[in-house]
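Visitor: Pasting the sequence and the predicted model now:
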Amino acid sequence: MYSWLQASLQQLSQRAMTHSLHHALLLKGARGIGKTEFAEQLGQFLLCANKGTNAHTAGTKSDLVPCGHCQSCLLLIAGNHPDLYEISSDKQIGVDAIREAIKKLSGSAQLSGAKVLIIHDAHTMTESSANALLKTLEEPTNNTFLLLLSHQSERLLPTILSRCEKVALPSPTLQGCHDWLSEQGYSNVDDAMLRLYSASPLELIEHLKSPPKVSYNEVVENIGYLSVGTLNAAAVATKWQDEATTIVQWLQVWLVDQLKTGPHNIDALWEMQKACISANEQLRNPGVNKSLVLVNVLQSIAQRP
């Protein structure tokens, strides 16, 4: 488990050992901190028949980890545990997926242990699918655990939020991110990239493996040209449209920097921030005209007094 999540995992595992773990956990935190790995390891611990006994210690009690050798652990390693269910979607989680999972959870555990449902990006549940989950959240079957993952928990229905225990998973510190990257073989990360993505180290790794076509420094430079009218917003938007989501995130980081360095026209910066928030929402929709979305944001920069 990632070092910045280890303490949280141990705390929840300890509660599972003492039968004081809530049946529905909302695991929330920034994108790219390892929520998926966290949920899967917690799920493995909940399903393990020999909790806290590690195969490498010959049966002695060690840290609270799955044993790695019981039937449940072996099935999990093989990827076909009958009592672990996962739901994910590239777009929205529909009601049929939730109903199918609930149907499976309503029966007895096939290995006579726990049952675990992991819902990735739970904030993408439609209203119908969220409502279909409510009864299970309120009245789960015995020894059933639901793990909801989200980096946008504010998008979940209040009825879902009120029925889950909220677990805020931390991001690493800047130094912690730097140390972890060095362990992964990325010791010479650009300072701007490290500052931008230190809170989301797994996302940073993806950027390092497949660098965007435009750099943050280039974006900042072009903001200057846009603000004095020597660059056309539409032309820049067309050039950057393939990296639209990243560009909008970078613009929001730039806005924060502007507020820190002041003085500035606060009203103008706030209008730009609202344009970025709106752009983020629009860019979640498949088939959206990314160039047009970017134009609206960049024009707010060009019009900044």
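Guide: Sure, I can see it.
Visitor: how far away is residue 210 from residue 242?
Guide: Going from residue 210 to residue 242 by CB to CB, to the nearest Å gives 12 Å. The way it works is simple: take the backbone N, C-alpha and C, and place the C-beta from them, glycine included.
Visitor: who has more neighbours, these two?
Guide: Using other CB atoms under 10 Å, the more surrounded residue of residue 210 and residue 242 is residue 242, with 14 against 7.
Visitor: show me what contacts the more buried one?
Guide: Residues near residue 242 by CB atoms under 8 Å, 6 or more residues apart in numbering: 213, 290.
Visitor: Check the one 5 residues further on too.
Guide: Under the criterion of CB under 8 Å, 6+ apart, the contact list for residue 247 reads 214, 219, 240, 294.
Visitor: one more time with 6 Å
Guide: residue 240 (CB atoms under 6 Å, 6 or more residues apart in numbering).
Visitor: Per-residue pLDDT of it, please?
Guide: Looking at residue 247, its pLDDT reads 91.
Visitor: number of nearby residues for residue 158?
Guide: Around residue 158 there are 7 residues (other CB under 10 Å).
Visitor: ah, wrong one, I meant residue 143
Guide: 16.
Visitor: I'd guessed it sits against residue 114; true?
Guide: Yes - using CB atoms under 6 Å, residue 143 is in contact with residue 114, at 4.7 Å.
Visitor: Show which residue of this protein lies farthest from the average position.
Guide: residue 230 (38.1 Å; CA atoms, centre = their mean).
Visitor: Checking that residue next. Helix, strand or coil?
Guide: Under DSSP: H, G, I helix; E, B strand; the rest coil, residue 230 falls in the coil class.
Visitor: Could I get the full set of helices for the stretch 1-150 of the chain?
Guide: 3-17, 35-47, 71-78, 95-105, 127-138 (DSSP state H, counting those that start in this stretch).
Visitor: wait, which of those helices is closest to residue 289?
Guide: Residue 289 lies closest, by CB to CB, to one member of the helices of the stretch 1-150 of the chain: helix 127-138, at 26.3 Å.
Visitor: the bottom helix or strand of the chain by mean pLDDT?
Guide: helix 191-197 (a mean of 81; mean pLDDT, DSSP states H and E).
Visitor: List the contacts of the very next helix or strand once past it.
Guide: Moving toward the C-terminus from helix 191-197, the next helix or strand (DSSP states H and E) is helix 201-209. Residues outside helix 201-209 that contact it (CB under 6 Å, 6+ apart): 31, 32, 34, 177, 180, 186, 197.
Visitor: tell me the angle helix 201-209 makes with helix 3-17.
Guide: Angle of helix 201-209 versus helix 3-17, following axes from the mean of the first three to the mean of the last three CA atoms, to 10 degrees, is 140 degrees.
Visitor: what's the average pLDDT for the next helix or strand after helix 201-209?
Guide: Following helix 201-209 in sequence order, the next helix or strand is helix 216-227 (DSSP H and E). Averaging pLDDT along helix 216-227 gives 89.
Visitor: which helices and strands sit right next to helix 216-227?
Guide: helix 290-302 (3 or more CB pairs under 6 Å, 6 or more residues apart in numbering; DSSP states H and E).
Visitor: Spit out the contact partners of residue 125.
Guide: residue 93.
Visitor: Alright, that wraps it up for me.
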